[in-house]
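> My questions concern the predicted model and sequence given below.
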Amino acid sequence: MADRPDLRTAVRSAVAEAAWYHTAVFYQVYLRSFADGNGDGVGDLAGLRARLQYLRELGVDAIWLNPWYCSPMADGGYDVADYRDIDPVFGTLADAESVIAEAHAHQLKVIIDMVPNHCSNQHRWFRAALAAGPGSPERARFWFRPGRGESGVQPPNDWPSKFGGPAWTRVIEQDGAPGEWYLHLYATEQPDLNWENREVRAEFEGILRFWLDRGVDGFRIDVAEALVKDPALPDVATRAEGSGMPWEDQDGLHDIYRDWRRLIDSYPGDRLFVGEFWLRPVTRLQPYLSSDQLHMAFNFDYLSAPWDPARLRTVIDATLSTVGAAASWVLSNHDVTRHLTRYGRADTSHDWRRDPSTVDLELGTRRARAAALLSLALPGSVYLYQGEELGLWEVDDIPDELIADPLWERTGHLVRGRDGCRVPLPWQAGAPGFGFGPPGAAPPWLPQPAGWRDLAADAQAGVPDSMLELYRAALRIRRSRRLTVADSLAWLDAGAGVLAFSRSGFSCVLNTSGRLARIPPCEEVLLASGPLVEDMLPPDTACWLSAKPSP
Ligand code: NOJ
């Protein structure tokens, strides 16, 4: 395969502006499942503080924390009741300030989740809107509309909630009669805010400042594509062929992000916004990633790609040529099936609604190890999801009565939802709850599989071929080989089913074929995701080589 001069240029041109986050490894902390400090069975800030050293030793550069705000937890904290305070289940505002300071002392940057598309139905604004009635300025902060049909019994339009059922709920007015409907793209408890409303914009600028003043290094923007709606709220069934959804990717979004960029740029240090846009292909992210808007966005095209070299290469090329230095590589998060499980299935692409099917965990583990080396070798930032460094799999057998994800109820028990990737981490093989909490703690809020005993962090530490030591080694080499420099990438021809590329004195080879693959000439094999066989790379294995082989 020939080198691609256009690709080299695209990536290099952005290097001039490279900031720490362009090459950083972020570690996603899903707080309620990370570590329990107070023994109530739910992860919290005290638990995180106690594990900052672990994260430092792992070798990541930054942590991203899922929402920690006051919340009734109808959607794991993505239903925020107070954006300026911490939910008591996680700790206090003072604890949050300590986490920020202590993370910084461990050389870890801190990114927090911002949830601007919707708040909780317990937020003071929504309660005021219910009390104030139709036509009030309080209701104008949300999307309240009269229903259709006789007496307004039908929702105002046909939009579906992403969690199942309609995206509208009818309220009971102060006089006790059914009244207007309000829009919620997610659960009933998550009313959408109206970003046409000046007060909404001003409020979020205040919230961003509140946290920037407390030292956070940036924000992950939840549902970044959906803040602005087509104000006509048109039905989707009758929209013109080829036109997008009226709640996604609307022009008005750019102005919001330009305002936010000006705001964050007024603070010292390189702070960032990373957008959660479920827009695919990756090229659709590009309009948001200019120097006056967002710094980066999650690469869900990469996360969704099956274990197929051509598809992976297409996504990598498209990413580097369109978003360049803002490239990110993501395989898992708190919303999707853990990639180790995905890679062990017959269909390895990402699909939320896939029923649990037969999984070959051994194969999935081999591929997950190889995929870690691929992601960590690519130019750009990498987002790791807690537990992937331990080789955790998706838990498919959570008892029905323990399922917390609103998807379960809203789909009439058709979709089990995302709890399977949110099971509390195993820290100590020999302790109850695998050391998720302190001695004597309540059991973890979701049960851990017995098989996770061998995956506990303390069972893997120091074991050379463990997943944890593979991640540690890869992160160490990534730093020491200066792989943190956002340089160019050149594809190498290493045979069918083999993905190989080089970057300044270093190359990565991934064998997805079913047979042994020749390793290109090199000075040294720096790291391999599995044992080599007579100097050949086995199937579903990747390695890192020093010295650039000839193309
Ligand atoms: C995306 C978040 O990652 C997910 O967990 C949440 O349910 C939705 N946005 C709604 O906030």
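Yep, that arrived.
> can we go C-alpha only for contacts and neighbour counts from here?
Will do.
> Only the buried residues of the host helix or strand of Ala101, if you could.
Per DSSP states H and E: Ala101 is located in helix 93-105. For helix 93-105, a neighbour-count test (16 or more other Cα atoms under 10 Å) marks Leu93, Asp95, Ala96, Val99, Ile100, Ala101, Glu102, Ala103, His104 as buried.
> Could you export these to JSON lines, including columns for distance to Ala456 and pLDDT?
Rendered in JSON lines, the data for the buried residues of helix 93-105 read as follows (distance: Cα to Cα, whole Å; pLDDT from 0 to 100):
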{"residue": "Leu93", "distance to Ala456": "30", "pLDDT": "98"}
{"residue": "Asp95", "distance to Ala456": "26", "pLDDT": "98"}
{"residue": "Ala96", "distance to Ala456": "26", "pLDDT": "98"}
{"residue": "Val99", "distance to Ala456": "24", "pLDDT": "98"}
{"residue": "Ile100", "distance to Ala456": "26", "pLDDT": "98"}
{"residue": "Ala101", "distance to Ala456": "28", "pLDDT": "98"}
{"residue": "Glu102", "distance to Ala456": "25", "pLDDT": "98"}
{"residue": "Ala103", "distance to Ala456": "23", "pLDDT": "98"}
{"residue": "His104", "distance to Ala456": "26", "pLDDT": "98"}
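> pLDDT weak spots in the stretch 201-350 of the chain?
Counting by pLDDT under 70, not a single residue of the stretch 201-350 of the chain qualifies.
> Get me the contact residues on it for the ligand.
Counting by Cα under 6 Å from any ligand atom, the stretch 201-350 of the chain comes close to the ligand at Asp222, Val223, Asp335.
> so how far is stretch 262-282 off the chain centroid?
In terms of Cα atoms, centre = their mean, to the nearest Å, the gap separating the centre of stretch 262-282 from the centre of its chain is 14 Å.
> buried ones in that stretch?
Buried residues in stretch 262-282, defined by neighbour count with 16+ other Cα under 10 Å: Ile264, Arg271, Leu272, Phe273, Val274, Gly275, Glu276, Phe277, Trp278, Leu279, Val282.
> now, among those residues, which is nearest to the ligand?
Glu276 (7.3 Å; Cα to the nearest ligand atom).
> how distant is the helix holding Ala101 from the center of its chain?
That offset, for helix 93-105, works out to 22 Å (Cα atoms, centre = their mean).
> mind listing what the nearest residue to Ile264 once chain neighbours are set aside touches?
Leaving out its chain neighbours, the residue that sits closest to Ile264 by Cα to Cα, 6 or more residues apart in numbering is Arg271, at 6.7 Å. Counting by Cα atoms under 8 Å, 6 or more residues apart in numbering, Arg271 touches Asp217, Gly218, Ile264, Asp265.
> ok, now how distant is the second one from the ligand?
To tie it back to what came earlier, the one meant is Gly218. Distance, Gly218 to the ligand, by Cα to the nearest ligand atom, to the nearest Å: 16 Å.
> Tell me the residues of the chain that contact the ligand?
Asp75, Tyr78, Asp222, Val223, Asp335.
> Confirm for me that the fourth one is in contact with Asn117.
Okay, so that is Val223. Yes: contact criterion Cα atoms under 8 Å: Val223 and Asn117 qualify, at 6.6 Å.
> between the two, who's got more neighbours?
Neighbours were counted for Val223 and for Asn117 using other Cα atoms under 10 Å; Asn117 has more, 23 against 17.
> residues contacting that one?
Taking Cα under 8 Å, 6+ apart, one finds Asp192, Leu193, Asp222, Val223, Ala224, Ala226, Leu227 in contact with Asn117.
> Scan these and report the most crowded one.
Using other Cα under 10 Å as the neighbour test, the contacts of Asn117 are led by Asp192, with 30 neighbours.
> Pop the domain breakdown of this protein in here.
Domains of the chain are assigned by automatic domain parsing as 19-117+198-393+425-460, 124-183, 489-551.
> For His413, which of those domains is the nearest?
Judged by Cα to Cα, the one of the domains of the chain that comes nearest to His413 is domain 124-183, at 10.4 Å.
> What is the end-to-end distance of the closest one?
17 Å (Cα to Cα, to the nearest Å).
> what do you get for stretch 32-51?
From start residue to end residue, stretch 32-51 stretches across 14 Å - Cα to Cα.
> Now that stretch: buried residues?
Neighbour-count burial for stretch 32-51, counted by 16+ other Cα under 10 Å, picks out 32-49, 51.
> Can you give the contact residues for it?
With contact meaning Cα under 8 Å, 6+ apart, stretch 32-51 is reached by 31, 89-91, 95-96, 99, 102-103, 386, 422-425, 436-445.
> one step back: return the subset of the residues of the chain next to the ligand lying in helices.
Using DSSP state H, the subset of the residues of the chain next to the ligand located in helices is empty.
> I'd like those written out as CSV, with distance to Glu524 added.
Below are the residues of the chain next to the ligand laid out as CSV (distance: Cα to Cα, whole Å):
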residue, distance to Glu524
Asp75, 48
Tyr78, 47
Asp222, 43
Val223, 44
Asp335, 38
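> For the residue of the stretch 1-150 of the chain found nearest the ligand, the count of nearby residues, please.
Per Cα to the nearest ligand atom, Tyr78 is where the stretch 1-150 of the chain lies closest to the ligand, at 4.6 Å. Per other Cα under 10 Å, the neighbour tally for Tyr78 reads 28.
> hang on, isn't it packed against Pro67?
Yes: applying Cα under 8 Å, one finds Tyr78 in contact with Pro67, separated by 6.3 Å.
> which residues do those two both contact?
Val115.
> tell me the phi and psi of Ala325?
phi -70, psi -20 (degrees, to the nearest 10).
> residues in contact with the closest residue to Asp335 other than its chain neighbours?
Closest residue to Asp335 apart from its sequence neighbours, by Cα to Cα, 6+ apart: Arg418 at 5.6 Å. Neighbouring residues of Arg418 by Cα under 8 Å, 6+ apart: His334, Asp335, Val336, Thr337, Asp405.
> and which of those residues is nearest the ligand?
Closest to the ligand, out of all of the contacts of Arg418 and judged by Cα to the nearest ligand atom, is Asp335, at 5.5 Å.
> Tell me, how many residues neighbour that closest one?
13.
> Was I right to think it contacts Cys421?
Yes: the criterion here is Cα under 8 Å, and Asp335 meets it with Cys421 at 7.4 Å.
> Looking at Ser550 now. What's its pLDDT?
pLDDT for Ser550: 53.
> repeat for Ala14
Note for Ala14: predicted pLDDT of 43.
> Same check on the one 4 residues further on?
With respect to pLDDT, Ala18 scores 76.
> Against Val330, how distant is it?
19 Å.
> Tell me which of those two has more neighbours.
Val330 (21 against 17).
> Could you name every residue contacting both of Asp335 and Cys421?
With the criterion set as Cα under 8 Å, 6+ apart, the contacts of Asp335 and Cys421 do not overlap.
> in what helix or strand does Leu510 lie?
Using DSSP H and E, Leu510 falls within strand 506-511.
> and for that strand, what are the contacting residues?
370, 373-374, 377, 497-502, 517, 519, 537-549.
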